[in-house]
Structure formats: C-alpha cells, structure tokens
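Colleague: Build me a structure from this.
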Amino acid sequence: MSHTSTTPLQASKEAQSFFDNRLNIITDLKIRLAGREQVRLEAVSVFLCTQGEGTFYVNNREACLGPGDLLICMPGSLLESRRSTSDFAISGFYLSRRFFEELSTIPLELWNSQSYIECNPVLHLSPQSTELFCHYYDLISSKLSDRSPLKHHQLVTTLLIQAFMYEFHDTLSNNMEVAAPHYTSADNLFRRFADLLLQSYPRPRAVKWYADRLHVTPKYLSTVCKQTCGCTASHLINRYVLEDVKRLLMRPEKSIKQIVVELEFPSISFFGKYVKKHLGMAPKFYRQRKDRGE
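Modeller: Down below sits the predicted model:
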C-alpha cells in the first residue's frame, strides 16, 4: 500500500533555509524512499542528477534520471521511487508555493508551463546548461550559508533566484517549443499580454488599457488569463506593479513623492492606500522594515 508524506526526501546534509522555509537548498541530496512508498511534494522542486541513475514515477509517469537530467515537480505532485544505483544523488531547490508566487518578475510563460511539466517532468540539460545550473546552485548556496550577511543580503539572494528562474524559463521554453510549436489563439493572446505587461513601464494598472491594445474586451482577457495560468489579468498586473513599488521603496534616495510620480499614481494618498491594501502596511513602514533587513 502506498504511503503519502509531506517530507519525502532526506538530505545527507541539513537543508539550508531562506525566508522562513520559503526556499530550501539541499546539498548532496540522496533519495531515500523505501520500496514503492509514495510521497506528495508541497513545493516547486527542481533537482539536477549529479551522479548515478534512478527511476521514479511522477504522477504515475515514469521518470528516468541520469547525470545532467533535471527533475521538475510542481506542488501537489506525487513522487514514487522504483530503483536507483547506490551512487545516485541529486542537488537542487525547494521553492514554496508562496515564495514561487512572490517571484513576480519571472516570465509569465512559466505559469503556462505546468501542463507541459506534468507530461515531461525530466529535461536533459546540455553540458553548458548543466554547468550554468551548478554555478547558480553554488552561488545561491554560498549566499544562504553566509554567516556574516551584508545589509542587502536578502535582496541580493532574491535577485539571484530570479535570475536563475529566467535561465530555467529559457531552458524550459526551448523544450516546449520543440515539443509543442503550435499554440491556440488563447495561448497567443496570453503571450502577447505577457509581453505587453513586461515591456510597459510604468505599468498601467487598468485591465482595459491592455485589452484595448490587444483588441479584446477586458472580460475576455481576464478569462483567458484565468484559464491559462490560474490568475486574472488584474491579479497579474498588480503583482508586477507591486514588484516595481517594492524595488523603488528599497531605494532610500527616492522620496515617496518621486515614486508616486514615476509610477504614475494619481496622488500620494492613493499610493499609500494601494500599498497598504496589497503589502499590509504603509509605504514608509515597508521601507523602514526593509532598511532593518526584515
């Protein structure tokens, strides 16, 4: 009988935690699943096989790993071990669902990739991509293990992870284009919306602004976004606007008034209400909190 668990993997060394377990990086990770024990993952899990060979089932799909193979599992995935060589080892990242969603500047196409990942949980990386993954892994690991972090330690580490996500997206995108070069009209609309949102600055906050330029209704655009990535157009727009807000609030040389003008908010009062609604505190308190490294 299968057994489900929320702690499916044991590390040969203690996992390094970041931001209250929103990210875990594991060194020399070895799979230790007994028999056909089945486990459910609660985080976005990305692991690179560094040596040996292993065979698993991910959501009842066989996944065979060898050196240079990248295993990707989304939250809720079921992982089942079948067999592995004695020297089998993988290293990689756990990103909690919350932290993955907070990395709001990652390419929007990642939200449209879950169905592909479910069908193709293993990607074979080129030697260059494998080397790049290892560089990011070593660099992020060194930041997390830094015992004397500098003032902007959290910000720098977050930006490193975002850079890794961009690289990860490019690798995934290349594989998706080879496997599925044709997109539906809804897919194409979402990609055009994503491009428009990413390229606009300051980012308009009204769905209608984007819908008008894409020649569709706001309702239809939101419906397509919801079907494609699980989020409405308004939700996605707000996430990117908030990323701009947070980045500017972390620059002490910019006054609140300057930020309001730069992001084209109608007034300081409106900006304050917007930030408090979405970040849970007034702009000045958010800035003070980040200045203290919280």
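Colleague: center of this protein - which residue?
Modeller: Phe100 (3.8 Å; C-alpha atoms, centre = their mean).
Colleague: my guess is that residue meets Ser45, correct?
Modeller: No. Using C-beta atoms under 8 Å, Phe100 is not in contact with Ser45, being 10.6 Å away. Just so you know, the C-beta spots here come from the backbone N, C-alpha and C atoms, and that holds for glycine as well.
Colleague: Give the other helices and strands that the longest helix along the chain contacts.
Modeller: For the chain, the longest helix by residue count, based on DSSP state H, is helix 153-179. Applying 3 or more C-beta pairs under 8 Å, 6 or more residues apart in numbering; DSSP states H and E, one finds that helix 153-179 contacts helix 114-119, strand 122-124, helix 127-144.
Colleague: Direction included, what does the second one pair against?
Modeller: Same thing as strand 122-124. Within its sheet, strand 122-124 is paired with strand 69-73 (antiparallel), according to DSSP bridges.
Colleague: any idea which helix or strand comes after the strand it pairs with?
Modeller: strand 78-84 (DSSP states H and E).
Colleague: quick check: mean pLDDT across that next one?
Modeller: Strand 78-84 shows a mean pLDDT of 79.
Colleague: So what are the sheet partners of it and their directions?
Modeller: In the sheet, strand 78-84 lines up against strand 38-40 (antiparallel), strand 54-58 (antiparallel) (DSSP bridges).
Colleague: contacting residues for Asp146?
Modeller: Taking C-beta atoms under 8 Å, 6 or more residues apart in numbering, we find Asp146 in contact with His153.
Colleague: pretty sure it belongs to a helix, no?
Modeller: No. Using DSSP: H, G, I helix; E, B strand; the rest coil, the assignment for Asp146 is coil, not a helix.
Colleague: Backbone dihedrals for it, both of them.
Modeller: The phi/psi pair for Asp146 (degrees, to the nearest 10) reads phi -70, psi 120.
Colleague: can you check Ile90 too?
Modeller: Dihedral angles of Ile90 (phi, psi; degrees, to the nearest 10) stand at phi -140, psi 150.
Colleague: Tell me how far the nearest residue to it once chain neighbours are set aside lies from Pro121.
Modeller: In space, and not counting its chain neighbours, Ile90 is closest to Phe47: 4.2 Å by C-beta to C-beta, 6 or more residues apart in numbering. Counting by C-beta to C-beta, to the nearest Å, the gap from Phe47 to Pro121 is 10 Å.
Colleague: after the helix or strand hosting Leu242, next one along is what?
Modeller: Using DSSP H and E, Leu242 maps to helix 233-249. Later in the chain than helix 233-249, the nearest helix or strand by DSSP H and E is helix 256-262.
Colleague: Which residues are in contact with Tyr286?
Modeller: Tyr286 makes contact with 246, 249, 275, 279, according to C-beta under 8 Å, 6+ apart.
Colleague: No further queries at this time; thank you.
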